[in-house]
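Asker: Sequence and predicted structure are below.
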Amino acid sequence: SSLRPIIFLHGINGHASEFNAIIDWMRTKFGENRPIMHSLAIREGRESLMTPLLKQRDEMVAYLTANAASLGIEDGFNFVAHSQGALLARSVIQTLPSHLQVLAYISLAGPQRGQWGDCSMSNSGIAPAIAKKMARPVGWIAFYNSIAQRELSFANYWNDPDHIRLFERECDFLTTVNGYKGNMTAQKDNFLRVKKAVFLGSSEDDCINPALSSVFDFVDENGRPTSFEQSVEYRNDTFGLRTMNEQGRLLLQNYPGYDHMSWLNSSLFELYVLPHLL
């Protein structure tokens, strides 16, 4: 294998071990020629849910920077991340120091334009009392305040199109990572250093809501679908999505029929991820 090292990052309430099946499959497939692979055991389980994402981002950047040599990523790496971790990984990429190079970034079912609605997956690990607040009519009340922003990671990317001004004012993370506010010059420059960005999702996702937020589609305040071309992120090219698309370095792909956790299966990894690694 001539593949560069791969860093894996788990999702909300997830663990580094969730990528074990994929890593084992890669070891079998490539044998002694397998790439360096690390699944990051950072902010696992409830810590991923109860820690604000700006803090998680800064911790991740610090960890990768301090441990680049021991991780073997000094000459570039592939970044493969699932669910909330995929959104977090993009924020990390947009903040990495210039001497660290992400070659291919693969987002697996990440809430890239945010979450608006409940996660219906039975084993999400989200407490019932919190899950009730994720209903579309009431989520903005529960999540657009300083306490929720400080104590619930998904509040940091709760994107209610019916309360856009509150979103822009109160949401601490998605607004600054996707470019709804603030100066995006440095983040955009960093994202455009990635050689290839691949966003994968499924219209049958049972946790990301709307399901195709994973590929930058969303819905308006009436629940009608809106495409990624209509998004602030694409129209204003806030972090480089449109530029990357025009340069042929972007893939946004919906593969119908897969639930949220399917992306951690080695069979899907072989079909949809492996061809894009560098």
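Answerer: Arrived safely, thanks for sending.

Asker: ranges for the strands of the stretch 101-250 of the chain?
Answerer: 102-108, 196-201, 218-219, 225-226, 250-254 (DSSP state E, counting those that start in this stretch).

Asker: Let me have those strands in CSV, adding mean neighbour count and distance to residue 132 as columns.
Answerer: Using the backbone N, CA and C atoms, a C-beta is placed for each residue, glycine as well. As requested, those are arranged in CSV below (neighbours: other Cβ atoms under 10 Å; distance: least, Cβ to Cβ, whole Å):
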stretch, mean neighbour count, distance to residue 132
strand 102-108, 25, 27
strand 196-201, 24, 25
strand 218-219, 20, 21
strand 225-226, 14, 26
strand 250-254, 17, 29
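
Asker: Tell me which of those approaches residue 147 most closely.
Answerer: strand 218-219 (26.0 Å; Cβ to Cβ).

Asker: what's next to that closest one, contact-wise?
Answerer: 113-114, 116, 159, 161, 210, 212, 225-226, 231 (Cβ atoms under 8 Å, 6 or more residues apart in numbering).

Asker: Chain neighbours aside, what residue packs nearest to residue 210?
Answerer: Nearest residue to residue 210 in three dimensions, chain neighbours excluded: residue 219, at 5.0 Å (Cβ to Cβ, 6 or more residues apart in numbering).

Asker: Okay, and the beta partners of that neighbour?
Answerer: residue 225 (DSSP bridges).

Asker: Now do it against residue 160, distance only.
Answerer: With distances taken as Cβ to Cβ, to the nearest Å, residue 219 is found 11 Å from residue 160.

Asker: Name the residues contacting each of these two.
Answerer: residue 116.

Asker: From residue 82, how far out is the residue nearest to residue 210?
Answerer: 23 Å.

Asker: what comes into contact with the helix or strand of the chain with the lowest mean pLDDT?
Answerer: Ranking every helix and strand in the chain by mean pLDDT, DSSP states H and E puts helix 128-132 at the bottom, with a mean of 84. Here helix 128-132 makes contact (Cβ under 8 Å, 6+ apart) with 118-119, 124, 152.

Asker: shaky segments in this protein?
Answerer: 1, 122 (pLDDT under 70).

Asker: quick one, longest helix in it?
Answerer: helix 53-66 (DSSP state H).

Asker: Kindly format the C-alpha coordinates of whichever helix or strand comes after it as PDB.
Answerer: Sequence-wise, the next helix or strand downstream of helix 53-66 (DSSP states H and E) is helix 68-71. Provided in PDB are the C-alpha atoms of helix 68-71 (Å, rounded to 0.1, in the frame of the first residue of the first chain):
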ATOM      1  CA  ALA A  68       2.500  14.400  15.000                       C
ATOM      2  CA  ALA A  69       5.800  12.500  15.100                       C
ATOM      3  CA  SER A  70       4.600   9.600  17.200                       C
ATOM      4  CA  LEU A  71       1.400   9.400  15.100                       C
END
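
Asker: buried ones in helix 68-71?
Answerer: 68, 71 (16 or more other Cβ atoms under 10 Å).

Asker: ditto for stretch 172-188
Answerer: Buried, per 16+ other Cβ under 10 Å, within stretch 172-188: 172-180, 184, 187-188.

Asker: Next: stretch 21-38.
Answerer: Buried, per 16+ other Cβ under 10 Å, within stretch 21-38: 22-23, 25-26, 35, 37-38.

Asker: now those residues as a markdown table including secondary structure and distance to residue 95?
Answerer: Listed next are those as a markdown table, based on DSSP: H, G, I helix; E, B strand; the rest coil; distance: Cβ to Cβ, whole Å:
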| residue | secondary structure | distance to residue 95 |
| --- | --- | --- |
| 22 | helix | 26 |
| 23 | helix | 26 |
| 25 | helix | 31 |
| 26 | helix | 28 |
| 35 | coil | 24 |
| 37 | strand | 23 |
| 38 | strand | 19 |
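
Asker: For residue 244, state which of the residues you listed is nearest.
Answerer: Checking the buried residues of stretch 21-38 one by one against residue 244 (Cβ to Cβ), the nearest turns out to be residue 35, at 23.7 Å.

Asker: got the phi/psi numbers for that closest one?
Answerer: Main-chain dihedrals, residue 35, degrees, to the nearest 10: phi -70, psi 160.

Asker: With that, I have no additional questions.
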